[in-house]
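In: My questions concern the predicted model and sequence given below.
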Amino acid sequence: MTNQMVGIEINDLHLSFGETEVLTGVNLDIQPGEFFAFLGPSGSGKSTLLRSIAGFGPTPQGSIRIGGRDVVNLPPWKRNVGMVFQSYALWPHMSVRDNVGFGLKERKMPASEIAPKVDAALELVGLTHLADRMPNQLSGGQQQRIALARTVVVEPEVLLLDEPLSNLDASLRVQMRRELLALQRKLGLTTIFVTHDQEEANTTADRMAVLDKGVIQQIGTPQVLYDTPENLFVAEFLGTANILGGQVESDGGAKRFRTSAGDVLPLSDGHEGAGSIVLRPQNMQIVDQAGADTLPGTILHREFMGSQVRYIVRTSGTEMIVDQFHHVGHDWRDTGSDVHLKVNTNEAVIVAS
Ligand SMILES: Nc1ncnc2c1ncn2[C@@H]1O[C@H](COP(=O)(O)OP(=O)(O)OP(=O)(O)O)[C@@H](O)[C@H]1O
């Protein structure tokens, strides 16, 4: 299976269902061969955006270019995209081999050419030995691999995946997302993966777009989005975020963050004015002594999680989640005890409130 890698460019895309706009001003530039994820809560518009790239649903305003060609007014079958759905939608009355070959047969390809392509696609997903089975004789994971084989066998330029792992149990999902990435790398196929599961996006995507209410909130690598969220939505959607409202002040050149409750933390830089400081559970250390970079707190709750101990600490007018690595022989802090939280503000981010 060969593939010429293409990019996808989306400019100022708007889409409405009746009066309701569900995609607003979407701009995206997906690189050839990239594994790109759309991540967002339910109803944020991920599937609508993916379907508009595939050519399903109402025609949006704006442009969608695949390999430089504007496809916005083309029907799905002229776009050269392959789509895999959450429900595998295999034909129940056809064998695995016939399911995989179906798209080629529809394109009127001679049987002698179809057979080797189907064999290659089955080998790609490691299911050559199941070619003569019927779909109801396959596990969920096997069915999803067949759905993938059936999609890539027609050699699309772009692979679109709409929550493809959602029907699988947790451990199989982890295995399948690795297989999916390996397959995508092997084929070098520009891929968009829709998911509401941040772990799934973080572990597969080269880059991702976080959506909320039909608007892209931020685009970047999983690490950039986690480490430097541009707004509170992205900060809270990716991982656990402790957020303290307040303001950045300047004290003779040195910057500091004053929380709404009046506590002060030193900062290395930051624009002066109102904002929120985003602290991840691992950005703080529980200590006994107060210092210039500590907040006073009280332990409200403790959970042993194996590699770490998670504390809920009341501090600066709020409750924060603080994770500490667990070591053998380590003394845990008791509920009710007064402590100080040493804050690593170098790892914290200030965002507009
Ligand atoms: N055919 C439709 N008619 C009217 N509204 C629709 C239609 N399809 C989707 N919507 C609305 O568009 C918005 C975006 O839906 P969409 O399915 O794209 O979200 P999503 O992020 O993929 O959510 P989920 O993770 O639940 O699938 C929602 O408010 C939804 O109710």
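Out: Great, that's in hand.
In: Against Gln217, how distant is whichever residue of the stretch 251-353 of the chain sits closest to the ligand?
Out: Using Cβ to the nearest ligand atom, the point where the stretch 251-353 of the chain gets nearest to the ligand is Val351, with a distance of 23.0 Å. All C-beta spots, glycine's among them, are computed from the backbone N, C-alpha and C. Val351 is 11 Å from Gln217, where distance means Cβ to Cβ, to the nearest Å.
In: How about Ser112?
Out: Relative to Gln217, Ser112 is positioned 51 Å away (criterion: Cβ to Cβ).
In: These two: which has the busier surroundings?
Out: When neighbours are counted by other Cβ atoms under 10 Å, Gln217 comes out ahead of the other of Ser112 and Gln217, with 20 against 7.
In: How about Gln61: which residues does it bridge to?
Out: Going by DSSP bridges, Gln61 is paired in beta bridges with His14.
In: does it really touch Glu21, like I thought?
Out: No. Taking Cβ atoms under 8 Å as the contact criterion, Gln61 and Glu21 are not neighbours in contact, 10.0 Å apart.
In: and the residue nearest to Asp227 when sequence neighbours are not counted, what does it touch?
Out: Excluding its sequence neighbours, the residue lying closest to Asp227 (Cβ to Cβ, 6 or more residues apart in numbering) is Val349, at 7.4 Å. For Val349, the contacting residues are 227-229, 235, 277-278, by Cβ atoms under 8 Å, 6 or more residues apart in numbering.
In: what pairs with Val349 across the strands?
Out: As for beta bridges, Val349 partners with Val278 under DSSP bridges.
In: do you know how far the residue in the stretch 101-250 of the chain that the ligand sits nearest to is from Ser47?
Out: With Cβ to the nearest ligand atom as the measure, His196 is the residue of the stretch 101-250 of the chain nearest to the ligand, at 4.8 Å. According to Cβ to Cβ, His196 and Ser47 sit 10 Å apart.
In: Would you map the helices across the chain?
Out: Counting by DSSP state H, the segments of the chain that form helices are 46-54, 96-106, 111-124, 140-152, 170-187, 198-204, 222-227, 232-237.
In: want to throw those into CSV with mean pLDDT and distance to the ligand?
Out: Formatted as CSV, the helices of the chain follow (pLDDT from 0 to 100; distance: least, Cβ to the nearest ligand atom, whole Å):
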stretch, mean pLDDT, distance to the ligand
helix 46-54, 96, 3
helix 96-106, 93, 25
helix 111-124, 92, 28
helix 140-152, 90, 17
helix 170-187, 88, 16
helix 198-204, 94, 12
helix 222-227, 96, 17
helix 232-237, 95, 12
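In: would you list those in CSV and tack on distance to Glu319?
Out: Listed next are the helices of the chain as CSV, based on distance: least, Cβ to Cβ, whole Å:
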stretch, distance to Glu319
helix 46-54, 31
helix 96-106, 52
helix 111-124, 49
helix 140-152, 40
helix 170-187, 29
helix 198-204, 22
helix 222-227, 22
helix 232-237, 15
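In: centroid residue for this protein?
Out: Among the residues of the chain, Ala201 comes closest to the average C-alpha position under Cα atoms, centre = their mean, at 2.9 Å.
In: Kindly confirm whether my reading is correct that that residue touches Ala37.
Out: Yes. With contact defined as Cβ under 8 Å, Ala201 reaches Ala37; the gap is 4.0 Å.
In: The ligand contacts on the chain?
Out: 17, 22, 40, 42-48, 196 (Cβ under 6 Å from any ligand atom).
In: Let's see that with 8 Å instead.
Out: For the chain, the residues in contact with the ligand under the definition Cβ under 8 Å from any ligand atom are 17-18, 20, 22, 38, 40-51, 57, 162-163, 194, 196, 211, 214.
In: Having no further points to raise, I will conclude here.
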